[in-house]
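1. could you look at this predicted model? Sequence included:
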Amino acid sequence: MTELSIIVPTFNEVENIAPLVHSIAPALRDVDWEIIFVDDDSPDGTYQEVLALNAIDPRVRGLLRVGRRGLSSACVEGMLASQAKYVAVMDADRQHDESLLPDMFRSLTVGEADLVIGTRYAAGGSSSEGLNPVRMIGSKMATLLSRALIPQPVSDPMSGFFMMRRSVLDDSIKNVYGKGFKILLDIISAHEGPLRIAELPYDMKPRHSGESKLDSAVVFDFLSMLINRKIHGFMPARFFLFATVGLTGVMIHMASLYSLFALMGSGFAWSQTLATFIAMTSNFFLNNQFTFADRKLHGRGLISGLLSFYFACGIGALINVALASFLFDRGMYWALSGLIGAVVAAIWNFTLSSFYTWRHR
């Protein structure tokens, strides 16, 4: 039976497949290994390249996914397709150091750890050549946020380069969120019971080919996983992002009102109306970029979506005023009346926006 399965999620990585296989083979000459490329139906012929290599070397396997995307889910499907006792995950872009694989494997087989992470941030590791300044800052911020989820100190919980016992996945799989970009953090935070973790430093190399898959949809999935873990699925994580955007809308509304009324001397009613539309417009574009990044509107859809968002929020405002007034007239404290009206209106806005403005297509 194969000892080690290396899972590599791919999308448009045709130029990296053969070089990656050729670099791994000498590194693992003393290990019975296989590599499973999980491809999300790349249009550049990535999966066909995997099949061509499989005809030469049966250790190269391919798993084609049609109609779905996502690195975390691809990694999970690849690991579940393996029968090896140990599984590793690495990227196809060759930024990960394949020469570290034997040391990771040795640490598991001698019983030192259940999970071994290739880290960029421990002594001896580096990511300066592999990440541009923007991605470096984003990675650092995500690492700080993610540490709130895991019970033990890990220098690089956002690493995409790790190896573990297959049993770790089996113990975590029912709790894994399974969406987004960083499956390692997902597995560690989902694992039940103590987990022995070792970290080995490596220098992240420059990308050889292909493009980064990091975008706003990935940011949404990451934030959703953090929220979902913290609230234990009590409410949709998307609603909390929607509410956060709503809070920024309040600040934008007040800043606009101050500028129009206090500084420019416009009439209050006109200033309030225009400030409301400015805030709703800001909320729409922020929600489109982050809260509903996986359903992002483009082109003409932006115009119709904005109009429907105005409509939904307009009705929400009427619900807010009517409900708060009703409760206040019946003796409820004014602040509590206003809060209930605002919360019910926010739920209305979120529900209508989810099913109409950013409906599944």
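-> Good, I have the coordinates.
2. assign F309 to helix, strand or coil.
-> helix (DSSP: H, G, I helix; E, B strand; the rest coil).
3. can you tell me the closest non-neighbouring residue to it?
-> F284 (4.6 Å; Cβ to Cβ, 6 or more residues apart in numbering). Yep, even glycine has a C-beta here, placed from its N, CA and C like the rest.
4. correct me, but the one you found touches G305?
-> Yes. F284 is within contact range of G305, at 7.2 Å (criterion: Cβ atoms under 8 Å).
5. need the helices for the chain, in chain order.
-> In the chain, the helices defined using DSSP state H lie at 14-27, 46-56, 71-80, 101-109, 133-146, 166-172, 183-190, 216-231, 237-257, 268-286, 300-329, 334-352.
6. tell me what the shortest one is packed against?
-> Where contact means 3 or more Cβ pairs under 8 Å, 6 or more residues apart in numbering; DSSP states H and E, helix 166-172 is packed against helix 71-80, strand 86-89, helix 183-190.
7. which of these comes out lowest on mean pLDDT?
-> Mean pLDDT per stretch puts helix 183-190 lowest among these, at a mean of 82.
8. so how far is A243 from R359?
-> Going from R359 to A243 by Cβ to Cβ, to the nearest Å gives 20 Å.
9. looking at the helices and strands packed on helix 166-172, which is closest to L336?
-> With distances scored as Cβ to Cβ, the stretch of the helices and strands packed on helix 166-172 nearest to L336 is helix 183-190 (35.9 Å).
10. ok, now which ones touch the nearest residue to L195 once chain neighbours are set aside?
-> Closest residue to L195 apart from its sequence neighbours, by Cβ to Cβ, 6+ apart: D114 at 5.5 Å. D114 sits next to 108, 164-165, 167-168, 195-197 when contact means Cβ atoms under 8 Å, 6 or more residues apart in numbering.
11. if you rank these by neighbours, which is first?
-> Each of the contacts of D114 was scored for neighbours by other Cβ atoms under 10 Å, and M164 scores highest at 26 neighbours.
12. I'd say it and Y86 touch.
-> Yes. M164 lies in contact with Y86 (Cβ under 8 Å); the separation is 7.1 Å.
13. for those two, list the residues in contact with both.
-> L108.
14. pLDDT score for the closest residue to A27 other than its chain neighbours?
-> Leaving aside its chain neighbours, A27 sits nearest to E98 (4.8 Å; criterion: Cβ to Cβ, 6+ apart). The predicted structure scores E98 at 92 on the pLDDT scale.
15. surely E98 is in contact with S23?
-> Yes. Using Cβ under 8 Å, E98 is in contact with S23, at 5.0 Å.
16. make JSON lines out of the helices of the chain and add distance to T119.
-> As requested, those are exported to JSON lines (distance: least, Cβ to Cβ, whole Å):
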{"stretch": "helix 14-27", "distance to T119": "18"}
{"stretch": "helix 46-56", "distance to T119": "28"}
{"stretch": "helix 71-80", "distance to T119": "18"}
{"stretch": "helix 101-109", "distance to T119": "11"}
{"stretch": "helix 133-146", "distance to T119": "10"}
{"stretch": "helix 166-172", "distance to T119": "17"}
{"stretch": "helix 183-190", "distance to T119": "11"}
{"stretch": "helix 216-231", "distance to T119": "19"}
{"stretch": "helix 237-257", "distance to T119": "27"}
{"stretch": "helix 268-286", "distance to T119": "33"}
{"stretch": "helix 300-329", "distance to T119": "41"}
{"stretch": "helix 334-352", "distance to T119": "38"}
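17. between those helices, which one is nearest to S5?
-> helix 71-80 (7.2 Å).
18. measure the residue nearest to F309 to L307 for me?
-> From F284 to L307 the distance is 10 Å (Cβ to Cβ).
19. neighbour count winner among those two?
-> A count of neighbours by other Cβ under 10 Å puts F284 above the other of F284 and L307, at 26 against 12.
20. so who does the nearest residue to R65 once chain neighbours are set aside touch?
-> Closest residue to R65 apart from its sequence neighbours, by Cβ to Cβ, 6+ apart: D40 at 5.2 Å. D40 makes contact with 9-11, 65, 68-70, 74, according to Cβ under 8 Å, 6+ apart.
21. what about the chain, any weak spots by pLDDT?
-> 122-152, 178-181, 206-237, 360-361 (pLDDT under 70).
22. quick check: the gap between F328 and T244.
-> Noted for F328: a distance of 27 Å to T244, by Cβ to Cβ.
23. kindly apply the preceding question to E112 instead.
-> As defined by Cβ to Cβ, E112 lies at a distance of 42 Å from T244.
24. who's more crowded, the two?
-> Neighbours per residue, other Cβ under 10 Å: of E112 and T244, the larger number sits with T244, 16 against 11.
25. mind checking how far the more buried one is from F284?
-> According to Cβ to Cβ, T244 stands 15 Å off from F284.
26. over to I17?
-> Taking Cβ to Cβ, one finds I17 at 41 Å from F284.
27. same deal with L336?
-> Distance of L336 to F284, given as Cβ to Cβ: 29 Å.
28. how about S5?
-> For S5 relative to F284 (Cβ to Cβ), the value is 45 Å.
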